[in-house]
Structures are given as structure tokens and as C-alpha cells.
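> next come a sequence and a model predicted from it.
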Amino acid sequence: MHEFIEYSDPAQQAEELAAVVARQLSDTLARQEKATLAVPGGTTPARFLSELSNTALEWNRVSVLLSDERFVPETEPRSNTRLLKEQFVRNAAAEATIVPLYAAGATPESVLEQFSAGVRKVSPIDVCVLGMGADMHVASLFPGGDNLAKALDVAGPDVLIPMRASGAEEPRVSLTASALTGATHLHLLIMGPEKLAALRHAESEGSAMQAPVRIVLGRRNLTVHYTNGGE
Ligand SMILES: O=C1O[C@H](COP(=O)(O)O)[C@@H](O)[C@H](O)[C@H]1O
């Protein structure tokens, strides 16, 4: 069964998750030349990413990729790449290498092969932090997504997949279940009672087609990091 940790507030959640992730990356770098970190987009991880960016580590040996990207220009507030650049690839972490999941003017399909090759080069992921929507999506694996069945194949050959879904405002690319669940360390970062209720629901019933977060639930290498919110 996965571990569940509740924090008193978002500041404590961000600090403690950043410390764990940094320690896991540092342990990885003690064993191998390079390490790969995957992080979520959306609204929840900003504080954690900012905290992690201030942590001392040999970031020039770390590749960082998003769990998924929304196909909007980097100038848009919804761009996950923008979040990554603004909150993480700066301070101590300025030397981390971003694995791109977005190109201006492209479609998910037109860059899929090129970006998949980039993801494969840094696979398997050493530390993977995921967010979750209240609809129980992780990365851009949305209930009802057009490529969901293929994306959920944990033994499948694909690492990246285009995704369109009514719950997603724009076309996406997402790491697949096989890429995500191949990570050595998994973390799920959630905030607020609505997401806790969604997590409890996903834990208790349904399939991964209905609740894609189930691809990671129950795994012994998963830790859920929860705070109710507030300061
Ligand atoms: O669309 C997305 O949603 C999830 C959750 O985002 P949040 O804003 O509710 O924190 C996120 O994990 C994913 O990376 C993002 O693209």
C-alpha cells in the first residue's frame, strides 16, 4: 500500500516534499552519472517547485521533464513549461536541463516522435512527482480522453501520447502510464478537501479508465502528500 502524509499547511508540504525529492535525487546521483525528475504542471506545484529550486544539488546532472503539457504558447498562464521555467529552472536549479514537451506552432502529433526520443533518452524516471485533478486525472490522462486506453497500457511501448478530452481545455501531450509507473520513486501532490475526496473515491472503486490516478495507487514506491490548504 502507498504511504499517505498529511501536512499542516502548503508551506510545510512544499518544504518537506522538496527535501525528500532532493534527497532521492542526490542518492541517485551518488549511484549514477545523471538523474531524471518529472514534475506536474497546473496550479498546485508552484510552491514546491520554487522551494526545490533553492535546494543545493548538482543540478547540471539532472534532467527535468513535465508529466504533461498543454499545447498553448509559453506566454499563456496555462503553459506548464512557463510554470517550470518561472518556478523551478532558476536559483540553484538554473543548470537543470529541461526535456521539451512543447514547440511553438506545433501540434502534439507533429512533435510526438521527436519529443518521445527526448523522453526515452532520460528514461527511466528516477523521481516522479504527479498532481491530480478533482476528476482524478493525473498528468494529462483524463477520464474520457481520446487516447486513454492506449495511454494506460503499463506494458506499452509509448512514453508520450497526444490527448484530447472534454475535461482538458486544449490539446495535450502526456507521459504514458508505462513511462510514469516505471519511475523509481513516485509522489502525488494534492491540496484541498475536494481532491482528498477524489483520491478516497479512486482508492475505493472504479477502473483506471474512470479514475486514471489508479495507475499509481497502491504502489509501495508511492507517497501521497496532502494538505487541506490554507496558510
Ligand atoms: O491539467 C493539469 O492538471 C493537473 C492538476 O492540476 P491542478 O491545477 O489541479 O494542480 C496537473 O497535475 C497536470 O500536470 C496539469 O497539466
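Cool, got the structure. Residues are numbered from 1 along each chain as shown.
> for the helix or strand hosting Gln13, which positions count as buried?
Gln13 is located in helix 10-31, with elements delineated by DSSP states H and E. Of the residues in helix 10-31, those buried by neighbour count under the rule 16 or more other C-beta atoms under 10 Å are 10, 13-15, 17-18, 20-22, 24-25, 28-29. Quick note: C-beta positions are derived from backbone N, CA and C, even for glycine.
> kindly report the same for stretch 30-49.
Of the residues in stretch 30-49, 35-42, 44-49 count as buried by neighbour count, 16+ other C-beta under 10 Å.
> intersect these with the contacts of the ligand.
Pro40, Gly41, Gly42, Thr44 (C-beta under 6 Å from any ligand atom).
> about what we covered before: from the buried residues of helix 10-31, which is closest to Arg82?
Taking C-beta to C-beta as the measure, Ala14 is the one of the buried residues of helix 10-31 closest to Arg82, at 19.0 Å.
> how near is the closest one to Thr55?
Distance of Ala14 to Thr55, computed by C-beta to C-beta, to the nearest Å: 11 Å.
> flag every residue of the protein that's near the ligand.
40-44, 67-68, 70, 80, 131, 133, 139-140.
> give me the subset of those lying in strands.
With strands taken from DSSP state E, the overlap with the residues of the chain next to the ligand comprises Asp68, Arg70.
> so of the residues of the chain next to the ligand, which ones are in helices?
Per DSSP state H, helices hold the following members of these: Asn80.
> got the residues of the chain next to the ligand as CSV, with distance to Val99 and pLDDT columns?
Converted to CSV, the residues of the chain next to the ligand look like this (distance: C-beta to C-beta, whole Å; pLDDT from 0 to 100):
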residue, distance to Val99, pLDDT
Pro40, 14, 98
Gly41, 14, 98
Gly42, 18, 97
Thr43, 22, 96
Thr44, 21, 97
Ser67, 11, 98
Asp68, 13, 98
Arg70, 16, 98
Asn80, 12, 98
Gly131, 18, 98
Gly133, 23, 98
Ala139, 14, 98
Ser140, 16, 98
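> and the residues of the chain next to the ligand as a markdown table, adding distance to Ala149?
Output for the residues of the chain next to the ligand, formatted as a markdown table (distance: C-beta to C-beta, whole Å):
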| residue | distance to Ala149 |
| --- | --- |
| Pro40 | 22 |
| Gly41 | 23 |
| Gly42 | 23 |
| Thr43 | 28 |
| Thr44 | 27 |
| Ser67 | 19 |
| Asp68 | 17 |
| Arg70 | 21 |
| Asn80 | 24 |
| Gly131 | 22 |
| Gly133 | 19 |
| Ala139 | 15 |
| Ser140 | 14 |
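> of the residues of the chain next to the ligand, which is the nearest to Met1?
Of all these, the one sitting nearest Met1 is Gly131; the distance, using C-beta to C-beta, is 20.9 Å.
> ok, the residue nearest to the closest one when sequence neighbours are not counted to Ser204 distance?
In space, Gly131 comes closest to Pro40 once its chain neighbours are excluded; the distance is 3.5 Å by C-beta to C-beta, 6 or more residues apart in numbering. Taking C-beta to C-beta as the criterion, Pro40 is separated from Ser204 by 23 Å.
> now swap in Thr176 and tell me
25 Å.
> more neighbours: which of the two?
Thr176 (26 against 8; other C-beta atoms under 10 Å).
> you'd agree Leu180 is up against Val129?
No. Under the criterion of C-beta atoms under 8 Å, Leu180 is not in contact with Val129, lying 10.6 Å apart.
> overlap in contacts of these two?
Ala38, Ser67 (C-beta atoms under 8 Å, 6 or more residues apart in numbering).
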